[in-house]
Structure formats: C-alpha cells, structure tokens
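J.: Fold the following for me, if possible:
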Amino acid sequence: MIISLLLVVNPNTGKPTGSVNMWGKVVLSYWRNIYIGRNKAANVTQQGTIPQANTRYLAVVYGTRYDEVLTDDQRKTWEDYAGSLGSAVDREKSDSIAKTKNVIPKRGKVMSGKNAYIKSNIVEFLADGGGPDDIAPVADFTPPPPTAVTLHITAPVPHVTWTDPILIGTPTKKKARLWIKLDTKPKIHSQLLAHINFGVGQYDITTVRIKRAEMPIQSFPGAIIRVQMDTVIQAATGHGAIIGPGSNVAEIRLLG
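T.: Predicted coordinates for the structure are as follows:
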C-alpha cells in the first residue's frame, strides 16, 4: 500500500521542510516565503472539561426549545426579564468588592431573552438536574447572598463556613453556590465548586479542577485561595431559576 505524502518545499533552498498525509483534507498556508501544508483537524472545537461540554450541549438544547417550543408571548416575557438584568458594567459602579478580588465571573453585556432563558435553565439543571422551565421570573424575588463567608484551615484542607440568607416566601428550590479561584502557577481561574443545600453552612475544599483533571487542593502549597458565594432559587414551580448577587470574598493562603 502506497501512502501519498505532500512535500513542502522551501523556495530558497529547494529542500523539503515537512510532510502531511494526503489521505485526509489538507490546508495550505503561505508563511515567510514557504508554502506550509497541514492536515485539517477533524473537530475544531476544544473538548475542555466535562462541565464545559455539558454546558455547551445544554445551550444547544435550550436554545432550540426557546425557538421551537416557547410561544411568542413567552419569548416576549423573557426579553423583558433580560432587559431588567442590566450588565456587569452597570453593577460594577456600585460594587463594594474590588474587581481584582472578585471570584464570581461578571456578565459584561446585557443579555437577550434567549440567552437569559438558556442561562436560567442551565443554572437550574446544574443545581439539581431539574427543568426546563419556561416561565420568565419577571418580578420574582432576587435572593440575597450567604453572609459571613469565612475560610480557615482545618488540617489538612481549607474549610468554608457561612450563614444562609433569609429568603422571602417559600421558593420551590434553593441552593447556595460556592465559587473558588486560586492565585498560583499555573493560574486556576474562577470555577463553580459546589451546590450546597441550605442548613449545611460548611464545606471542606478537597479538590480543584485544572484543565480536565481534579487535583487535590494540597497540590498547590503556598497558593492563595479565594472563595465567594451566591444563591440560586426557583420562586415557583415552572419559573426560571434566579441568581442573586455575590457574597463577601474570603481568602486564605495554603500551608507550604
């Protein structure tokens, strides 16, 4: 069996600089007087982590549902709800937490109704596997964050404590979310660490996600850990999930 190869020739020297398998699709580019050939990737999308893959999948599922299942009136209420949310830029002016210290990622732009619908349902699914819910939470109560969030070392792991917020009414669902960020090398960006039932009030940090792996927290001696919390509720059955503002940021340096 003969495999056909494409030789990439440097016009200045007349010598080949590499080869590609011609059985697949080939992409040619011109760089510094050299034609360079490379095999076309079968999939240009990075696989990322399992949470990222799940989120991308759910975004497609809920986006399709928004377009094909929701009525015009339902989509209109989601547009109204999205418009009421504002943007991170609007909130940043009154945010008492320094931007460099913030752990929960901020939304930079005003969302569309479709984006608000997708996000609300992804938030609920990640919290407890529920949904989808098609009623926009217009005028529903926005929950306050947990208070008195603190971090301390309970050998051998960091230990988070907090006080659950007081909610108005009797939400169908309620969860406290814990976010974490590490200042270390390699840098570990903000990530959602856990959904926690009300009444627990404490959490041991044993692992953190880096790329596609779960790493023991002890793998980062000397790193500064920052945590922040928020609250997710469903005000009533069928209503979209609502995320409250972020709590205070607590930090501690790991031993090492």
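J.: What count of nearby residues applies to Q228?
T.: 24 (other CB atoms under 10 Å). C-beta: built from backbone N, CA, C; applies to glycine.
J.: What sits closest to Y203 if chain neighbours are left out?
T.: Spatial nearest neighbour of Y203, chain neighbours left out: V160 (4.6 Å); criterion: CB to CB, 6 or more residues apart in numbering.
J.: On the C-terminal side of the helix or strand harbouring that neighbour, identify the next helix or strand.
T.: Using DSSP states H and E, V160 falls within strand 157-163. Next along the chain after strand 157-163, taking DSSP H and E as the criterion, comes strand 173-183.
J.: got any ranges where the chain has weak pLDDT?
T.: 1-51, 86-100, 107-109 (pLDDT under 70).
J.: Strands along that one, start to end?
T.: Counting by DSSP state E, the segments of the chain that form strands are 5-9, 16-21, 26-31, 34-39, 147-154, 157-163, 173-183, 188-196, 202-204, 207-210, 213-216, 224-234, 242-243, 250-253.
J.: quick one: strands adjacent to the shortest one?
T.: According to DSSP bridges, strand 242-243 has the following sheet partners: strand 224-234 (antiparallel).
J.: Restricting to C-alpha, output the strand it pairs with in PDB.
T.: Extracted C-alpha coordinates of strand 224-234, given in PDB (Å, rounded to 0.1, in the frame of the first residue of the first chain):
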ATOM      1  CA  ILE A 224      -3.900  32.000  47.900                       C
ATOM      2  CA  ILE A 225      -7.400  30.600  47.800                       C
ATOM      3  CA  ARG A 226     -10.300  33.000  47.300                       C
ATOM      4  CA  VAL A 227     -14.000  31.900  47.600                       C
ATOM      5  CA  GLN A 228     -17.300  33.700  47.100                       C
ATOM      6  CA  MET A 229     -20.800  32.500  47.300                       C
ATOM      7  CA  ASP A 230     -24.200  33.300  45.800                       C
ATOM      8  CA  THR A 231     -27.800  31.900  46.000                       C
ATOM      9  CA  VAL A 232     -29.900  30.300  43.300                       C
ATOM     10  CA  ILE A 233     -33.700  29.900  43.800                       C
ATOM     11  CA  GLN A 234     -36.800  28.900  41.800                       C
END
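J.: What residues of it count as buried?
T.: I225, R226, V227, Q228, M229, D230, T231, V232, I233, Q234 (16 or more other CB atoms under 10 Å).
J.: just stretch 139-146 next, same as before
T.: By 16+ other CB under 10 Å, the buried positions in stretch 139-146 come out as D140, P143, P144, P145, P146.
J.: separation between A127 and S112?
T.: 23 Å (CB to CB, to the nearest Å).
J.: got it, and H189?
T.: Applying CB to CB to H189 and S112 gives a distance of 25 Å.
J.: Same check on N121?
T.: Remark: distance between N121 and S112 (CB to CB) = 14 Å.
J.: go on, T206?
T.: Computed as CB to CB, the T206 to S112 distance reads 38 Å.
J.: Just the C-alphas of stretch 64-73, formatted as PDB.
T.: Extracted C-alpha coordinates of stretch 64-73, given in PDB (Å, rounded to 0.1, in the frame of the first residue of the first chain):
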ATOM      1  CA  THR A  64     -33.700  25.000  20.200                       C
ATOM      2  CA  ARG A  65     -36.500  24.800  22.800                       C
ATOM      3  CA  TYR A  66     -36.700  28.600  23.000                       C
ATOM      4  CA  ASP A  67     -37.000  28.900  19.200                       C
ATOM      5  CA  GLU A  68     -39.400  26.000  18.600                       C
ATOM      6  CA  VAL A  69     -41.500  25.400  21.700                       C
ATOM      7  CA  LEU A  70     -42.000  28.700  23.500                       C
ATOM      8  CA  THR A  71     -44.800  30.900  22.400                       C
ATOM      9  CA  ASP A  72     -44.400  34.500  21.200                       C
ATOM     10  CA  ASP A  73     -45.800  35.700  24.500                       C
END
